[in-house]
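# Let me see the structure of the following:
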Amino acid sequence: MYITVSKEAGRVAGTPRFAAQVAQVVMGQMPWRQVALNDAAGEAGSLAVEVAASDLDRGAQPGRAQVLVVFQFKSGKADTQALKRYVGDREPALQKHGGRVLLSGTTARSGDWQFDGFELIEFPEPKTLQALMEDPDYRGRTADSSAVFGGAFAVALLQPAGNAA
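Residues are numbered from 1 along each chain as shown. Modelled structure (predicted):
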């Protein structure tokens, strides 16, 4: 599987597992306007990065807000065990706010892709993300396990993208 990002929003070629446009960057810097998960590398004009390891891979539900989170590990290399620990620590607070992880994946940094991984998370509505981030329960549970992250980090609200035939 590949995460494919593009600086231009438009129609998504083929039949991706997931396709969305960046509606708003909430935190950090994200130069892309479109993101997709494909079984094959992307087309010209886009950046495709192979997903090395992933957990879950649930389908998105219509009417819910999707969020893309991209991150670097403090160590500079993929640490799937530490990511699983963070996800486990975060789960009670995520459920409390009606959120669920669609996909949590690791990648290798290359060229314009400066991240070690990403997550696609779904919430009942966009404002739920802010409520989770401000929740003392979330902050307390993840205080130790979130130390795995360091460097670049960005969060964006997504909206469905159109598909091309």
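# Contacts for the helix or strand bottoming out on mean pLDDT in the chain, please.
Every helix and strand in the chain was compared by mean pLDDT, DSSP states H and E; the lowest is strand 47-56, with a mean of 82. Strand 47-56 is contacted by residues 1-6, 32, 37-38, 41-42, 78, 80, 84, 87, 101-108, 110-113 when judged by C-beta atoms under 8 Å, 6 or more residues apart in numbering. Bear in mind the C-beta positions are built from the backbone N, C-alpha and C, glycine included.
# now swap in stretch 72-83 and tell me
Residues contacting stretch 72-83 (C-beta under 8 Å, 6+ apart): 52-53, 104, 106-109, 114-117, 145, 147-153.
# Buried ones among those?
Among the contacts of stretch 72-83, the ones that count as buried by 16 or more other C-beta atoms under 10 Å are 104, 106-107, 115-117, 145, 148-149.
# what's the longest strand in this structure?
Counting by DSSP state E, the longest strand found in the chain is strand 149-160.
# Against which helices or strands is that one packed?
strand 18-27, strand 65-73 (3 or more C-beta pairs under 8 Å, 6 or more residues apart in numbering; DSSP states H and E).
# how big is the angle separating the shortest one from strand 18-27?
Looking back up the chat, that one is strand 65-73. Relative orientation of strand 65-73 versus strand 18-27 (axes from the mean of the first three to the mean of the last three C-alpha atoms, to 10 degrees): 70 degrees.
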